[in-house]
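Novice: Quick one: sequence plus predicted model below, questions after.
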2 protein chains.
Amino acid sequence: MDLGLLQSLIQPGRSRIVLCSLDGLGGLPRPETGKSELETARIPNLHALAGRSACGLIRHVGPGITPGSGPGHLGLFGYDPLRYPVGRGVLEALGIDFELRPGDVAARGNFCTVDGQGRIADRRAGRLPTEVCVRLCERLRQVRLEGVELLIEPVKEHRFVLVLRGDGLSGRLSETDPQALGVPPLPVRALAPEAERAAALVNRFVEAARPLLADEAPANMLLLRGFDQKPDLPRFPEIFGLRAAAIAAYPMYRGLARLVGMEVLTTGDSFADEVATLRRQWSGYDFFFLHYKDTDKAGEDGDFEGKVRALEAFDAALPEILALGPDVLVVSGDHASPSVLKGHGWQPVPALVWSAYCGADPVSRFTERDCAAGTLGLLPAHDLMPVVLANALRLAKYGA
Amino acid sequence: MDLGLLQSLIQPGRSRIVLCSLDGLGGLPRPETGKSELETARIPNLHALAGRSACGLIRHVGPGITPGSGPGHLGLFGYDPLRYPVGRGVLEALGIDFELRPGDVAARGNFCTVDGQGRIADRRAGRLPTEVCVRLCERLRQVRLEGVELLIEPVKEHRFVLVLRGDGLSGRLSETDPQALGVPPLPVRALAPEAERAAALVNRFVEAARPLLADEAPANMLLLRGFDQKPDLPRFPEIFGLRAAAIAAYPMYRGLARLVGMEVLTTGDSFADEVATLRRQWSGYDFFFLHYKDTDKAGEDGDFEGKVRALEAFDAALPEILALGPDVLVVSGDHASPSVLKGHGWQPVPALVWSAYCGADPVSRFTERDCAAGTLGLLPAHDLMPVVLANALRLAKYGA
């Protein structure tokens, strides 16, 4: 659905919408039992809600495509992730709560190991301890280049973020990481004429960094990837006419919400904190994006039982959310994280939309298998928002 | 499906197709019973036919989008309503059986109330009795403008249609209705250079109408909206290679059928009249669009029982239609009109396609919930026509 068309149909209203994103929600059957995490978990509240909801499966990017957290959440927020790409450097910055400004160019950095001839021997410098990464980032901050501000922030292990801030920069830059061993890092090239200046600046930065790292083996060099600028996304509150708030304990999801213009609410570290924040802020907004991380963490660790427990913990919190009396409640996720895959998966993700007008549906269990028979069908994730808005009675009729 | 590609595959044939459009067919469960209108109605013939048909759910515009009758029927006729928009003024003219000519500019008119300073006090003039509307339209016909013919037709209550007929007109005009109270009507502006002349003419019409209405409070002024010209749609009989006839007791649906080039058959006021017309004209056409209005009327009135009765009445007429021996029979609708919503809804609409070649399908009841499991899937409405043509053996193979 074209966002401009959607915006033209938006009606004011007083309805309140809660979008629960269970990170990495979808799973796969465990060979021993033939049952997925959702099919194994005791989630009576989710099953009961599915029985009263329109259910379906959502696909965030395309068939067979495994979404990262960025495209996965953009899809949930109503943006086609193929139409609104977000660079990896930008996502890395969002992931550490770094507030990118318009025009900033961000890149993912890796500390790496090079041999005496400057050829890459380990692209991740032996997965450096994070403390070393912090110290090396501090050292790199000595580098000064005329006409541009350099911001260097540690992420985790060998990873850091480099941000160039200044006028007239562009992120249309090639990567220095050759993605191979035994060859030296590549110089950055401008991929568009307007990026010549940024390319020269990055190459000067790398040359200035080289001597500062020379004695720090295994982290005696760096690689830069995923250069990009903050995308100019249509703003969620304006397109959808919603006072929108994000509640997320993890920085990446706060960053993604901020990227589309949601207000990010201060909350604590646990999901209980998030639900408390939701309750406290209930009257101030008409859309809440509520993020639940534990499902993904367990899935990525390959911890089937842990993911089952995470689903059960969310299920136990669901009555508290329902008790607030939302007009529309959505439960879905940004991608699958099947425990048997130990990572993100391409499988479509269960979704339910509950409202007084969500409609009849044969589904009465919130599982991958059951949701396939729902009236939402197999839906691109970015088509979920129009359905949600319709259920909130926020969309006018198209044509007379 | 691209209409040009479809046209290139069309094969001649002698098969006969009936498309039954049950207006506002889809519904929602009533909270007391958890059952929708279709699930409540006794419709043995429809259920039996569903058991022998390919079933599914169709969506006319996009997920979450509530279709008006215009886009809803264009979808059923095989046209993507987002690609072939029809302006509101045109639909209003179609709704009173007004035969728009190419180049005519049509607008929806409202009589409204203005205060002593010319500021709008009531956008609908207290929903004027239709007789008054008729009389005021007659009075407005006194207005004469050089170089253009003005046609003014009452619709219902405060509503009328204004048509400008002449050379070199354009419908790219802004509206005079500010959609707000306490402000005066707006002058019309040209939204494209070619519309300057039409804008000037409309403004002169409004100025000439003002004194004629001055003493007619509450209908002492008028508002104009939805200016548009008859769209130049690909013609249904030519694209699909079908001698196509429309049978509809209500003018709006005759108008929509005429817009795509179907022949409109004379019929009576009731569905029994329509079926009699179908029988009488059976040998003359190979495609019939048969419109059934009662389902929508009851749904829009919030009359659940009335909609159930309307479904049962259609069901009772179904054997007569089947007895004519169509090669392909389609039953679906232009949009949902759930009684609980008292208006059009965004929910996907059940559809069945019966033919000797329609295929196996697990669905044996014609309801929203059951059709979700059909082999047609969740289909854009404009993708139904290719399926119908295929079932009529009217489409050649694509590629060797």
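Specialist: Arrived safely.

Novice: switch to C-alpha atoms for all contacts and neighbour counts from now on
Specialist: Fine.

Novice: Low-confidence ranges, the stretch 1-150 of chain A, go.
Specialist: In the prediction, the stretch 1-150 of chain A carries no residues with pLDDT under 70.

Novice: Quick one: name the residues of chain A near chain B.
Specialist: Residues of chain A lying near chain B by Cα under 8 Å from any Cα of the partner chain: A:1, A:357-362, A:373-375, A:377, A:383-384, A:386-391, A:395-400.

Novice: Which of those residues fall in helices?
Specialist: In helices, judged by DSSP state H, the following of the residues of chain A next to chain B are found: A:384, A:386, A:387, A:388, A:389, A:390, A:391.

Novice: neighbours of the residue in chain A that chain B sits nearest to, just the number please.
Specialist: Among the residues of chain A, residue A:387 lies nearest to chain B; the distance is 3.8 Å by Cα to the nearest Cα. Around residue A:387 there are 24 other residues, counting by other Cα atoms under 10 Å in any protein chain shown.

Novice: right, and it touches residue B:59 too?
Specialist: No - when contacts are counted by Cα atoms under 8 Å, residue A:387 is not listed as touching residue B:59 (11.8 Å).

Novice: how about the strands of chain A, start to end?
Specialist: Listed in chain order, the strands found in chain A under DSSP state E are A:17-22, A:54-59, A:105-114, A:120-122, A:149-156, A:159-165, A:221-229, A:244-247, A:263-264, A:287-292, A:328-332, A:349-354, A:377-380.

Novice: Turn the ones you listed into JSON lines, including distance to residue B:269.
Specialist: Compiled in JSON lines, the strands of chain A are given as follows (distance: least, Cα to Cα, whole Å):
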{"stretch": "strand A:17-22", "distance to residue B:269": "44"}
{"stretch": "strand A:54-59", "distance to residue B:269": "38"}
{"stretch": "strand A:105-114", "distance to residue B:269": "68"}
{"stretch": "strand A:120-122", "distance to residue B:269": "82"}
{"stretch": "strand A:149-156", "distance to residue B:269": "73"}
{"stretch": "strand A:159-165", "distance to residue B:269": "72"}
{"stretch": "strand A:221-229", "distance to residue B:269": "63"}
{"stretch": "strand A:244-247", "distance to residue B:269": "50"}
{"stretch": "strand A:263-264", "distance to residue B:269": "56"}
{"stretch": "strand A:287-292", "distance to residue B:269": "47"}
{"stretch": "strand A:328-332", "distance to residue B:269": "41"}
{"stretch": "strand A:349-354", "distance to residue B:269": "40"}
{"stretch": "strand A:377-380", "distance to residue B:269": "38"}
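
Novice: is it possible to export the ones you listed to TSV including mean neighbour count?
Specialist: Conversion of the strands of chain A to TSV gives the following (neighbours: other Cα atoms under 10 Å in any protein chain shown):
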stretch	mean neighbour count
strand A:17-22	23
strand A:54-59	30
strand A:105-114	26
strand A:120-122	21
strand A:149-156	19
strand A:159-165	24
strand A:221-229	24
strand A:244-247	26
strand A:263-264	19
strand A:287-292	24
strand A:328-332	24
strand A:349-354	28
strand A:377-380	20
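
Novice: so how far is residue A:204 from the nearest residue to residue A:183 once chain neighbours are set aside?
Specialist: Excluding the flanking residues, the one nearest residue A:183 by Cα to Cα, 6 or more residues apart in numbering or on different chains is residue A:119, at 4.6 Å. Note on residue A:119: its distance to residue A:204, by Cα to Cα, to the nearest Å, is 19 Å.

Novice: now do residue A:20
Specialist: Separation of residue A:20 from residue A:204 (Cα to Cα): 45 Å.

Novice: residues contacting the nearest residue to the residue of chain A closest to chain B once chain neighbours are set aside?
Specialist: Closest residue in space to residue A:387, ignoring its immediate chain neighbours: residue B:64 at 3.8 Å, by Cα to Cα, 6+ apart. When contacts are counted by Cα atoms under 8 Å, 6 or more residues apart in numbering or on different chains, residue B:64 touches A:383, A:384, A:386, A:387, A:388, A:389, A:390, A:391, B:346, B:347.

Novice: Recalculate using a threshold of 10 Å.
Specialist: Residue B:64 makes contact with A:1, A:6, A:376, A:383-391, A:393, A:395, A:397, B:345-348 under the criterion Cα atoms under 10 Å, 6 or more residues apart in numbering or on different chains.

Novice: where's it relative to residue B:336, distance?
Specialist: Here residue B:64 is placed at a distance of 12 Å from residue B:336 (Cα to Cα).

Novice: residues near residue A:33, how many?
Specialist: When neighbours are defined as other Cα under 10 Å, residue A:33 has 8 of them.

Novice: residues contacting it?
Specialist: Residue A:33 neighbours (Cα under 10 Å, 6+ apart): residue A:40.

Novice: Okay, it and residue A:39: tell me how far apart.
Specialist: Residue A:33 is 10 Å from residue A:39, by Cα to Cα.

Novice: Hmm, residue A:283 and residue A:277 touching each other?
Specialist: No - if you go by Cα atoms under 10 Å, residue A:277 and residue A:283 don't touch, sitting 11.3 Å apart.

Novice: The two: which is more packed in?
Specialist: Neighbours were tallied for residue A:277 and for residue A:283 using other Cα under 10 Å; the higher tally belongs to residue A:277 (18 against 9).

Novice: Return the residues in contact with the more buried one.
Specialist: With contacts defined as Cα under 10 Å, 6+ apart, residue A:277 is in contact with A:247, A:248, A:265, A:266, A:267, A:268, A:271, A:290.

Novice: so where's the longest helix in chain A?
Specialist: Of all the segments of type helix in chain A, defined by DSSP H, the longest one is helix A:304-323.

Novice: Now do that helix: which elements does it pack against?
Specialist: With contacts defined as 3 or more Cα pairs under 10 Å, 6 or more residues apart in numbering or on different chains; DSSP states H and E, the packing partners of helix A:304-323 are strand A:17-22, helix A:37-40, helix A:44-51, helix A:271-280, strand A:287-292, helix A:294-300, strand A:328-332.

Novice: will you turn the ones you listed into CSV that also has distance to residue A:74?
Specialist: CSV is the format used below for these (distance: least, Cα to Cα, whole Å):
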stretch, distance to residue A:74
strand A:17-22, 12
helix A:37-40, 24
helix A:44-51, 24
helix A:271-280, 20
strand A:287-292, 12
helix A:294-300, 17
strand A:328-332, 13
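
Novice: End to end on stretch A:276-287, go ahead and measure it.
Specialist: When the termini of stretch A:276-287 are compared using Cα to Cα, they are 16 Å apart.

Novice: Please disregard the earlier target; I meant stretch A:168-179.
Specialist: 29 Å.

Novice: ok, now stretch A:366-379?
Specialist: Taking Cα to Cα, the first and last residues of stretch A:366-379 lie 16 Å apart.

Novice: Please work out the average pLDDT along it.
Specialist: Mean pLDDT, taken over the full extent of stretch A:366-379, equals 94.

Novice: Return the distance of that stretch from the chain's centre.
Specialist: 23 Å (Cα atoms, centre = their mean, to the nearest Å).

Novice: can you check stretch A:210-220 too?
Specialist: So, by Cα atoms, centre = their mean, the centroid of stretch A:210-220 is 32 Å from its chain's centroid.

Novice: Over to stretch A:50-62?
Specialist: Using Cα atoms, centre = their mean, the offset of stretch A:50-62 from its chain centre is 19 Å.

Novice: Stretch A:262-276 too?
Specialist: Centroid displacement of stretch A:262-276 relative to its chain, using Cα atoms, centre = their mean, is 16 Å.

Novice: Please identify the buried residues of it?
Specialist: Under the neighbour-count criterion of 16 or more other Cα atoms under 10 Å in any protein chain shown, stretch A:262-276 has A:262, A:263, A:264, A:265, A:267, A:268, A:271, A:273, A:274, A:275, A:276 buried.
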